[in-house]
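*Asks:* please work out how this folds:
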Amino acid sequence: MKIVHISDLHFGAHDSSLQASLLNRVRDIQPDPIICTGDLADNPKEHLLNEAYLYLSKLEKLCADNLNATQAPKLIVVPGNHDWRVKGFLWRPSGQAYARVLDAAASDCYLENENVWIFGFDSAQAGAPGGSGLIQDQDIQRFHERYEELKRNYREAFPHAFKIVAVHHHPLPVNWDYTQKDRWLTMNNAGRFLSAVLFRRIDLVLHGHEHLQAQATLSSSLGGNDHEVSVVSLGATLRKDTPTGNWFGVVHVTSLAVDVEFYDSVGDAFRETPQASRFQVRSRGRSARAGFERWAVTSGYRYRALASIAILDKDGDARRSVECEDLIVSHEKCERASRHAVQLPWTSGYVHKLRVESAGMQIGISQPIPPGSRDHSFQAVLEFERPLGESESLSYNYHWYAVNAFARDKREFDYMYPAGAGSDDMEFTHYVVSDPIEALTVVVKFPEGVAAPKVLQLRVARHEERKQARQWSRVLAIERGLRNDHALRYYDSLNVAALRVTRPEQGLSYGIEWSIPPSPSKIQDQHALNIEAIHRLWLNGGITDEQRQQITELMIRLVIGARRLLMRNAAEETWEGNIEASLMFFDGKHQLHLVSGIIHGDGATRSVDYDLKLDFGDGIARRAFKTNEFRIYAPWEGSESDEPDYYLPWPNGPTHIVLVAFPVQPPALTSAPPRAAYGVFSLGSNRGGLSIAARRTGSGTVGTAGHVSDDIESGAV
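*Replies:* Presented below is the predicted three-dimensional model:
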């Protein structure tokens, strides 16, 4: 964003050549707004003020079209002493010509898209005779009220806005020649003005008045408010016969820094290029550094770096890691010297197998995630072997699994996230900052063989304890700054995205979000219509005893066939274990429901009645449905793998050593892609020793392309 600053035009005593030259320079620069800090006319005569205002209107038309005209003005004007007093220091003229001519000129604007606030003070109306100024009480009150109004209306963005104050008279001395004249030119209540400016953490003050080019930085910790404000005094822009030439400035506002460059005059024209040296304003980046240091000193510790990593797989699960590098304690009495309370983020599925590793010392977990837990989130405490000493560093990482954490397409997204939960068809991973971290990196690795999302962008939100992360308010100003800094990078060869943030802000969530592909297209044929009819029967409880018996008989035939196959491939010559079979259907919303179950063994078959429902992605059967691929559960004895086994025991049901789940889908041509599943057929056994148990890797799951076609014709149900 570019802001042109002009001051002390002094129409009636101005240089017309410079007037034309300034138009050309502004046309080239194309600023967003223009700020004029007073002395539009040399004397407060209405025709001179009109001439000045018409000229300012021409400059205004040369501004860029980046700003929405209905949102904020492009011209901000404050009066100078010459606009109110004859020759700038004699009595106040009657009629108040400035008020009549400049009544429509803005002196306050908030540029929402750029997150910049400009507020103009009137220092010319009041004060003792002479060129001095005084800011009236009602003007200071208006300043505070406007600040509070913007803070209420833009609660997330405005605290991070770049804030500029425009005024005519100088609040700091710019002329060190101590003469009687100094008392005629000063701002009489500069102390009160600066107090308000520091209290509201204004970043930049722009003024004119003495026709002198100067810059200053004022730092103060009075009142417990440690802040620094930059002050720019601008030489006269169009006034003839100024001792240091004529000037205008350009304020450049970016996310990294704010600086001011100055154009001076040579003869009867302004230079086409600014002076080589720029004035560095105390920017938001410097404010963040100062705030971070205060936070770290108060906390008694800091991390040199921290990385939050999510490695996704094709099933929508993730291995999550938080790598903490160089924890440095500044005083031993802080709690972090001996322990670290961690909060695993909420996931749509459940968290599993929290582990911690460190090469520096032993670190234990006070309360591990219980086996079989289906908690969406979890709190634990990492206990250090001994307290860290001052300036001693420790690096460690903790990791866990987030099972069924991410939707793979729009269909799954709608199952996992109910309407009204803040869903926006975007998945994301994030980290909530609660510790002083010098450098935070958020990483997401997408599955091998899966193309990068079409939309990949950063996400910053403010943590809200009573809401889920999807409902947190976005902090658009910080997002915009990070985008300008190119903080988010995607590495195509690794299929990895990484977001790098320096000194992240406490209480904010920094993350990466990506678009999910659309749902697979539905095939509307007779098979699909039959399946819909079956669903309606199931959901409405309309299955008769005869129809249920037909399903059971079909399952018996499938089990007998499977038993023969398993016996033929069994390690033992004979195999006498039972096989449990179940058929489940999807309710079209969130759950799989058990339709029928049987136990077959030693030639005898009996029906079983389990009250079983599986949430989306939970259990082996649900994973087979979700991925539309068969899944095998056969854990190794004594396996110590961190990988979840995904097995969910049935309430009051059998415990399986081997479980195979097949998605049930409508029939399709061999060459056609598999259709979406509408149910799951499962076979389980409490006996090992089967060759099928060897078909697994890690701690127990194998998924390959395999499907059970629709052998249950509509006439059978």
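*Asks:* so where's the stretch 251-400 of the chain uncertain?
*Replies:* 255-256, 282-287 (pLDDT under 70).
*Asks:* all strands of it, in order?
*Replies:* Assigned by DSSP state E, counting those that start in this stretch, the stretch 251-400 of the chain shows strands spanning 258-266, 269-270, 279-281, 301-312, 318-329, 339-344, 350-357, 363-365, 378-384, 393-403.
*Asks:* looking at this, L440 is in a strand?
*Replies:* Yes. Judged by DSSP: H, G, I helix; E, B strand; the rest coil, L440 forms part of a strand.
*Asks:* ok, the residue nearest to Y55 when sequence neighbours are not counted to D241 distance?
*Replies:* Leaving aside its sequence neighbours, Y55 sits nearest to Q19 (Cβ to Cβ, 6 or more residues apart in numbering; 6.7 Å). (C-beta placed from N, C-alpha, C; glycine too.) Using Cβ to Cβ, to the nearest Å, Q19 is found at 15 Å from D241.
*Asks:* who's more crowded, the two?
*Replies:* Just comparing Q19 and D241: by other Cβ atoms under 10 Å the higher neighbour count belongs to Q19, 16 against 8.
*Asks:* ok, that one to Y98 distance?
*Replies:* According to Cβ to Cβ, Q19 stands 20 Å off from Y98.
*Asks:* before we move on, what about K87?
*Replies:* 15 Å.
*Asks:* what do you get for R336?
*Replies:* 60 Å.
*Asks:* who has more neighbours, the two?
*Replies:* Y98 (27 against 21).
*Asks:* OK, contacts around that one?
*Replies:* Neighbour list for Y98: L40, P44, L49, P79, D83, W84 [criterion: Cβ atoms under 8 Å, 6 or more residues apart in numbering].
*Asks:* also D28?
*Replies:* D28 is in contact with E272, counting by Cβ under 8 Å, 6+ apart.
*Asks:* ditto for D226
*Replies:* D226 neighbours (Cβ under 8 Å, 6+ apart): S220, A290, R294.
*Asks:* now V205
*Replies:* By Cβ under 8 Å, 6+ apart, V205 lies in contact with I164, V165, A166, V167, P171, V197, V229, S230, V231, V232.
*Asks:* if you set the cut-off to 10 Å instead, what comes out?
*Replies:* 37, 121, 163-167, 170-172, 193-194, 197, 216, 218, 229-233 (Cβ atoms under 10 Å, 6 or more residues apart in numbering).
*Asks:* then C36?
*Replies:* Each residue near C36 by Cβ under 10 Å, 6+ apart is listed here: 4-9, 52-53, 56, 59, 75-80, 102, 105, 120, 166, 168, 206, 208, 237.
*Asks:* so which strand or helix has it?
*Replies:* Taking DSSP states H and E as the definition, C36 sits inside strand 34-37.
*Asks:* same deal with S434?
*Replies:* For S434, there is no host helix or strand (DSSP H and E).
*Asks:* not counting sequence-adjacent ones, nearest residue to it?
*Replies:* Counting by Cβ to Cβ, 6+ apart, the residue nearest S434 is Q506, at 6.8 Å.
*Asks:* three-state assignment of that neighbour?
*Replies:* Under three-state DSSP, Q506 comes out as coil.
*Asks:* ok, it touching L440?
*Replies:* No. With contact defined as Cβ atoms under 10 Å, Q506 does not reach L440; the gap is 11.6 Å.
*Asks:* can you check the distance spanned by stretch 471-488, start to finish?
*Replies:* One end of stretch 471-488 to the other measures 22 Å (Cα to Cα, to the nearest Å).
*Asks:* average pLDDT across that stretch?
*Replies:* Stretch 471-488 carries an average pLDDT of 87.
*Asks:* buried residues in it, which are they?
*Replies:* If you call a residue buried by 16 or more other Cβ atoms under 10 Å, then stretch 471-488 has these buried ones: W472, V475, L476, A477, I478, E479, R480, G481, L482, A487, L488.
*Asks:* measure the last one to F413 for me?
*Replies:* Put plainly, it is L488. On the measure of Cβ to Cβ, L488 and F413 end up 22 Å apart.
*Asks:* what's the answer for the third one, then?
*Replies:* According to Cβ to Cβ, L476 and F413 sit 24 Å apart.
*Asks:* tell me how far the helix or strand where V231 lies lies from the chain's centre.
*Replies:* Assigned by DSSP H and E, V231 falls within strand 227-233. Centre-to-centre, strand 227-233 and its host chain are 31 Å apart (Cα atoms, centre = their mean, to the nearest Å).
*Asks:* try stretch 295-307
*Replies:* On the basis of Cα atoms, centre = their mean, stretch 295-307 sits 21 Å off its chain's mean C-alpha point.
*Asks:* same question for stretch 424-431.
*Replies:* The mean C-alpha position of stretch 424-431 is separated from the chain mean by 9 Å, Cα atoms, centre = their mean.
*Asks:* circling back to that earlier point, now the strand holding V231 against strand 258-266, angle please.
*Replies:* Angle of strand 227-233 versus strand 258-266, following axes from the mean of the first three to the mean of the last three Cα atoms, to 10 degrees, is 10 degrees.
*Asks:* listing partners with orientation, what would you give for strand 227-233?
*Replies:* Strand 227-233 has the following strand partners under DSSP bridges: strand 204-207 (parallel), strand 214-220 (antiparallel).
*Asks:* out of the ones you listed, deepest packed?
*Replies:* Here the criterion is mean neighbour count by mean count of other Cβ atoms under 10 Å, and of those the winner is strand 204-207, at a mean of 27.
*Asks:* many thanks, have a good one.
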